[in-house]
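Enquirer: Quick one, fold the following:
(2 chains)
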Amino acid sequence: MRLPYEQACRGETKTMNSFSDFMGGDHSACDALYAEAERAVDSGDWNVAGKANDHFLNAMERHFNMEEQVLFAAFEAAQGSTMGPTQVMRHEHSQMRQLFQQMRDAVAEKDVDAYLGAGETLLILMQQHNSKEEQILYPMTDQVLAAEREELFKQMEAVTAE
Amino acid sequence: MNPAALSLEQAPPISVPLRFFLTAPVFGATAALLLIIFGGDALTSRWAPVTLAVTHLLTLGFLAMVMVGAVQQLLPVLVGSPVPRAKWVSRIMHPLLTLGIASLVAGLAGGGTGLMYGAIALLGSGFLVFVAVTASSLLRARSGHFTVTAMALSILALTITVALGLYLALGYTGAIPMARQYTDLHLGWGFIGWVVLLLAGVAYQVVPMFQITPDYPRPLMRFLTPGLFVLLGVWSLGRAMAMVPDVIATVAAGLIAGGVLLFALATVCVQVRRKRRLPDVTLDFWRLAMASLAAVVLTWAVGLTLDKLPGLLLGVLFIVGFAMSAVNGMLYKIVPFLVWLHLNNQRQIAGLSLVGVPNMRKIIPEPAMRWQFRVQAGALVLLMAAAVWPVLTSPAGLLLLLSMVWLGWNLLGALRLYRRTLRA
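Expert: Presented below is the predicted three-dimensional model:
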């Protein structure tokens, strides 16, 4: 079964003409899921908060996987190097994953402050990361990977959060 | 790594922006001290020496200090192009600007021509370095975002502002006749050209980022900053050189006011539609900033129809209400994040555990920021009142002093936590 957030996160309703649109739309969808999770935690309803946090983190993991397994991999293959800009992006993914863990722990311990602190940190890290991807990396992939676009879209559609 | 990878790097060393950020409250506090000491004399005329000293402590000492530091930090993130040799550039630029501001202020307060010459040399070279490195970074920008244009135009406006300022300063030395007719141009290019254009360019990206709001309308982003810049040019030609009929210069000024109001309203509108609904100090600072900016335009319009512009009130609203609030709010996002980011990177490089790295909310606690916001808002209200009733100047100065010391303390606390955690 496909969960609603997955659909939102994929931006499937629109036709996508570039990696910038496809992945940029996914960023916005993930932002919205974060805002929901943060609000749920603040309201103190941990049942809802736990689910909202799972939705958000699943969407994030899936986005990272789409990049690391498909888009970055194809870009690195085309460039013949893994030492380029994708290396920096992968590093930032690993930093964000540490914060994911802190957020999961905070939900398990029902610690509002710890969650909001980790969440705020994640949000800023994520936004400056997204900004760099949207302004530099995605336009580069649009140029380098234009010929394989449809195929890569298909591969990314098939990626899961696991 | 290849150049593309470098442009995705995580910005300059933390010492680069922080030295500017930590200097700013010191100048802000000095301005407050002058207000306390001189009382009503500091807010009676825009030409009084102590008023000019206070104004430049706030505009150069506080605002420009933070903006110069922040631009170096933001260029890699917002336009994808870092400042070349950031560490060395900041080591040169920071003392030039700091000493330049100190001697300018002392010179304006009546310290003599030697100080003025010193200020001209120091500030002239300090800003030359800043403009040169920022321009070179913007020229290499890979991003096509509207922020690039806004930043480039604001740097150009800064150049014009500084050039006019140096010329005016030369008048103080007696080397050339005093050219007071250029003061309004200096103000216009500084306030609208440098401050509004830069903050607009930055806001286009950081307002949606921090609060998860929709984007600003594209036509606004496309036309606002170039439009304001061109209108400033038209207004200047009429105002200073009488090359444009007076009526056109007046229409240009009206359109500038309209554009500025539009920016304030658009910011409030996108923030109203934000997805994050939790209380946030930065958001409150920005609301205060936008309310003040709208108040500047309305007060200006009313003053114009009554043929009596309240210069001091406008100055208080623009500098303290709009610009200082926006900048202060930004500091509360940038500094905690930078401390976290650099701690994380440093400990990772050293192979230390990342568990001990405090999150942003632990780096500067929310209540400390919240209280400083309240004191700063109180200082603004009292300063506005003091612009009308100068007897209130000293109490207003006292609140501003408290706010600046508190801000400095909060930022210093973040730095101390950084140093402590780095070694732990």
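Enquirer: hey, let's count contacts and neighbours off CA atoms from now on
Expert: Fine.
Enquirer: next SSE after whichever helix or strand residue B:374 is part of?
Expert: In this assignment (DSSP states H and E), residue B:374 forms part of helix B:366-388. Counting by DSSP H and E, the next helix or strand C-terminal to helix B:366-388 is helix B:393-423.
Enquirer: what about chain A, any weak spots by pLDDT?
Expert: When residues are selected by pLDDT under 70, those of chain A lie in A:1-16.
Enquirer: quick revisit: avg pLDDT for the helix holding residue B:374?
Expert: In this model, helix B:366-388 has an average pLDDT of 97.
Enquirer: centre of the chain versus that helix, how much separation?
Expert: 17 Å (CA atoms, centre = their mean, to the nearest Å).
Enquirer: Convert it to PDB, retaining C-alpha atoms only.
Expert: C-alpha atoms of helix B:366-388 as PDB (Å, rounded to 0.1, in the frame of the first residue of the first chain):
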ATOM      1  CA  GLU B 366      15.100  30.300  24.100                       C
ATOM      2  CA  PRO B 367      14.200  32.300  27.300                       C
ATOM      3  CA  ALA B 368      17.500  34.300  27.000                       C
ATOM      4  CA  MET B 369      16.700  35.300  23.400                       C
ATOM      5  CA  ARG B 370      13.100  36.000  24.200                       C
ATOM      6  CA  TRP B 371      14.000  38.400  27.000                       C
ATOM      7  CA  GLN B 372      16.500  40.200  25.000                       C
ATOM      8  CA  PHE B 373      13.800  40.600  22.300                       C
ATOM      9  CA  ARG B 374      11.500  42.200  24.800                       C
ATOM     10  CA  VAL B 375      14.200  44.600  26.100                       C
ATOM     11  CA  GLN B 376      15.100  45.500  22.500                       C
ATOM     12  CA  ALA B 377      11.400  46.200  21.600                       C
ATOM     13  CA  GLY B 378      11.100  48.300  24.800                       C
ATOM     14  CA  ALA B 379      14.200  50.300  23.800                       C
ATOM     15  CA  LEU B 380      12.700  50.900  20.400                       C
ATOM     16  CA  VAL B 381       9.500  52.200  21.900                       C
ATOM     17  CA  LEU B 382      11.300  54.500  24.300                       C
ATOM     18  CA  LEU B 383      13.700  55.700  21.500                       C
ATOM     19  CA  MET B 384      10.700  56.600  19.300                       C
ATOM     20  CA  ALA B 385       9.200  58.500  22.200                       C
ATOM     21  CA  ALA B 386      12.600  60.200  22.900                       C
ATOM     22  CA  ALA B 387      12.700  61.400  19.200                       C
ATOM     23  CA  VAL B 388       9.600  63.400  20.100                       C
END
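Enquirer: Tell me the helices and strands packed up against that helix.
Expert: Applying 3 or more CA pairs under 8 Å, 6 or more residues apart in numbering or on different chains; DSSP states H and E, one finds that helix B:366-388 makes contact with helix B:281-305, helix B:311-315, helix B:393-423.
Enquirer: To chain A, which of these lies closest?
Expert: Of all those, it is helix B:281-305 that lies closest to chain A, at 12.3 Å by CA to the nearest CA.
Enquirer: Helix B:366-388 and that closest one, what's the angle between them?
Expert: 10 degrees (axes from the mean of the first three to the mean of the last three CA atoms, to 10 degrees).
Enquirer: contacting residues for residue B:44?
Expert: B:387, B:390 (CA atoms under 8 Å, 6 or more residues apart in numbering or on different chains).
Enquirer: my bad, should have said residue B:388
Expert: residue B:313.
Enquirer: For residue B:162, see how far away the residue of chain A found nearest chain B is.
Expert: Using CA to the nearest CA, the single residue of chain A nearest to chain B is residue A:85, 3.9 Å away. To residue B:162, residue A:85 is 38 Å away according to CA to CA, to the nearest Å.
Enquirer: likewise residue B:18?
Expert: Taking CA to CA, one finds residue B:18 at 24 Å from residue B:162.
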